[in-house]
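>>> When you get a sec, could you give me coordinates for this:
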Amino acid sequence: MVKFQRQVQSLVKRKVIQPTDSIWKVAFLFGDDWAHWRKELEDFEFSMRDSIEALLAVDSWEEEE
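All right, here's what the predicted structure looks like:
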């Protein structure tokens with residue numbers, strides 16, 4: 001998830017997407033990889049309606065055991 005977060009941050013810095021956009025907008029940019037990333041996001045309880053800034057605010061991607 002750290003890699004995904006960095007890629008999304010890069011898209012925001014390049015103004016391809018805005019921090020206030022919904023996560024679903026990223027789906028168009030990740031193409032075939034999107035199914036994997038969507039599952040990962042849902043595992044961390046993100047919805048596709050959450051904002052990109054919420055995704056970028058995560059400090060640690062540790063999973064609970």
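>>> which residues sit against stretch 29-45?
Contact partners of stretch 29-45, identified using Cβ atoms under 8 Å, 6 or more residues apart in numbering, comprise 1, 4, 11, 16-17, 23, 26-27, 48, 55, 58, 61, 63. (Glycine included, C-beta is placed from N, CA and C.)
>>> Can you flag which of those belong to strands?
Using DSSP state E, no member of the contacts of stretch 29-45 sits in strands.
>>> Now tabulate the residues you listed in TSV and tack on pLDDT.
As requested, these are exported to TSV (pLDDT from 0 to 100):
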residue	pLDDT
Met1	91
Phe4	93
Leu11	95
Val16	94
Ile17	95
Ile23	94
Val26	91
Ala27	88
Met48	93
Leu55	95
Val58	93
Trp61	84
Glu63	63
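>>> ranking those by neighbours, who comes first?
Neighbour count (other Cβ atoms under 10 Å) singles out Val26 as the most crowded of these, with 22 neighbours.
>>> any idea how far that one lies from Lys13?
Applying Cβ to Cβ, to the nearest Å, the value for Val26 to Lys13 is 14 Å.
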